[in-house]
Every structure is written in structure tokens, then in C-alpha cells.
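J.: Model the following, please.
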Amino acid sequence: IKNNHWNITRRKNYTVVLKKLNNSKNITPKELNEIYSDKNAHKSYISNYFGITQDPITKDIIIIMPYYNSAIGLNNIHKAKIVHRDLHSGNIFFDGHTAHIGDLGISKSAIECTDDSNENYGIIPYMAPEIFQGQKYTEASDIYSFGMIMWEFMTGRRPFWDEIHDIELIIKICDGLRPPIVTNAPKEYIELMKECWHSDPEQRPNVNNISGKIWAMFINENDSTSLTKIIKSSDIGPVTINNLGAVYKSRPLSHMIQSAMSLRSSRSQSIGK
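T.: The predicted model follows:
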């Protein structure tokens, strides 16, 4: 993604994001229609875009979007009966103090997700364990991803930044591994975050519950005479270590997931003997 400027009627020198879809020169009409999910679900807090163009050299598709620095409109996405399927901090954009969710390129309606045999794309740390175990994407899968974003917001670090993003991490996540709690963030915030990344999708809150709890925390924090102070710790804040094994770019993962589940199953059988 890179910033650029685009002349828009009544909006001169408007800053936009040019998001290139790599290897998309042979994109099918069906795949292009999925990109238009953004338009169909467009409401406040969901990143809209101005149009679609094409790289003159590579012929890859480029989406022209308003420049936001982050986003959170999951409620409106789920109200539209759409499952995002690739929710992570790289798809959140800010317009001042307002957050917006973008990049619904692989999103699908809740009905379509129940009959989905396509490739699994995503970023391992943000993917719900049930997806690794062969279950279909649901709204609860997005909620798990939201929990990981909450952890990232709390610590200033991406989840599992110090792990190699391979089949071993997939197995660990399925076995219950979650990022460590390393701050004195509000108790309610930590509890909500843990609820979001619960191993059982049925135990995760829906987006309405999340919105209500976050709003209550906001009101409580503003009314409090002693505001929460995040502790100074080497476990929070940006990291300078470049972990080449940590991949924070959406990629096809079906083959890796299959290998991880086969290895996990064989290990379980060995322990049972």
C-alpha cells in the first residue's frame, strides 16, 4: 500500500491509498465482484473506495481508497451479514480519531462461508484456531481476530512477533497459545480481549456486546479520578528486532494448515499409545 494524491471534484489534492492486488492481472469477474463487497457493505466505519484502476506495467488491479490510518467498523460489516475473513491491523485505517475497516477483498456473505472450499488466506497470528481445524469462517472468526487487534493496541506490538509463523505456531494456537498479558490495562479490557480469543467460537461475544463493553469502559475511564497508566516495560512498545520468520502479510495457507493438522494428529496418536 502506498500514499498518493488524486484530483477529485471539489476536493483538490486529496490524499488516497493505492492498494495493489499482487498477481491480479488475470483476476476473474467473480473475484472482481468480491472486491465490490466494500460497496455493498458501505456504512460509517467501513472504508469506502473511489474506484479501481490497473497498474500500467504489471496490469495488477489497484484499489483507490481514501487515506485513513486505521479502522473498526466490524459491527456494520456483520449487520450486512458479511464475514471479513482477513481482519488484522493492516486492514484498519484512521481518519483523525475515527477508525475504519477496509480490504474486504476476500470477504463473503455468511451464507457463502458455509459452503467454502477455497484457499485459506490470512496472517497466522490473527486466524482463529477453528479455521486451522477445518471449520468454516463465521462472524466469531472475525471476533477472534479482533481480540488479537485488542492485544496489539494494548502492547504496541503485533501478536506473536517473536515466533516463527510456521506449522508449529499453528499447532500451538490450536492447543491454546495466546499472547502474554504484560500491561496493567483495565481489567475489563483484558477480560473482553480474552473472551474474543476464546478457543470455543460459541463462547466469544458478538460485535454488539463488544461495542457496548468498550463504550462502557470509555465512559468509566473518563469519569474515573485515577486514570489507568500503562506500566513501563520492555515487554510493551515497538520492537527493533527484525524477525524474518514473522510474516504479517496475507498469504495462501491451506497447504501449511494441512501439514500442521496432520502433524498435530500424529503427535496426539503417539502420546495416546
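J.: so residue 256 makes contact with residue 168?
T.: No. The criterion here is C-beta atoms under 8 Å, and residue 256 misses it with residue 168 at 10.6 Å. To be clear about C-beta, it is placed using only N, CA and C from the backbone, and glycine gets the same treatment.
J.: what does the longest helix anywhere in the chain contact?
T.: With secondary structure taken from DSSP state H, the chain has its longest helix at helix 254-272. Contact with helix 254-272 is made by 119-120, 131-134, 166-168, 170-171, 174-175, as judged by C-beta atoms under 8 Å, 6 or more residues apart in numbering.
J.: out of the residues you listed, who's nearest residue 87?
T.: Closest to residue 87 out of the contacts of helix 254-272 is residue 131 (12.0 Å), distances taken as C-beta to C-beta.
J.: what about the closest one, neighbour count?
T.: 23 (other C-beta atoms under 10 Å).
J.: For the nearest residue to residue 87 once chain neighbours are set aside, list the residues it contacts.
T.: Leaving aside its sequence neighbours, residue 87 sits nearest to residue 145 (C-beta to C-beta, 6 or more residues apart in numbering; 3.9 Å). Shown in contact with residue 145 (C-beta under 8 Å, 6+ apart): 84, 87-88, 126-128.
J.: Am I right that residue 145 is in a strand?
T.: No. Under DSSP: H, G, I helix; E, B strand; the rest coil, residue 145 sits outside any strand and is assigned helix.
J.: measure residue 269 to residue 250 for me?
T.: 32 Å (C-beta to C-beta, to the nearest Å).
J.: which one of these two has more residues nearby?
T.: residue 250 (18 against 9).
J.: How much space separates the more buried one from residue 207?
T.: From residue 250 to residue 207 the distance is 22 Å (C-beta to C-beta).
J.: Show the backbone phi and psi for residue 27.
T.: phi -60, psi 140 (degrees, to the nearest 10).
J.: Show the pLDDT at it.
T.: The model reports residue 27 with a pLDDT of 71.
J.: Pull the number of nearby residues for it.
T.: 16.
J.: what's the answer for residue 178, then?
T.: So residue 178, with other C-beta under 10 Å, has 19 neighbours.
J.: Contacts for stretch 238-245, please.
T.: In contact with stretch 238-245 (C-beta under 8 Å, 6+ apart) are residues 156-157, 161-166.
J.: Now the terminal residues of it, how far apart.
T.: 17 Å (C-alpha to C-alpha, to the nearest Å).
J.: what does stretch 193-207 give?
T.: 12 Å.
J.: pLDDT of it, averaged?
T.: So the average pLDDT for stretch 193-207 ends up being 95.
J.: For the contacts of stretch 238-245, which ChimeraX command selects only the ones that are buried?
T.: Filtering those down to the buried ones (16 or more other C-beta atoms under 10 Å) takes a single ChimeraX command:
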select :157,161,163,165
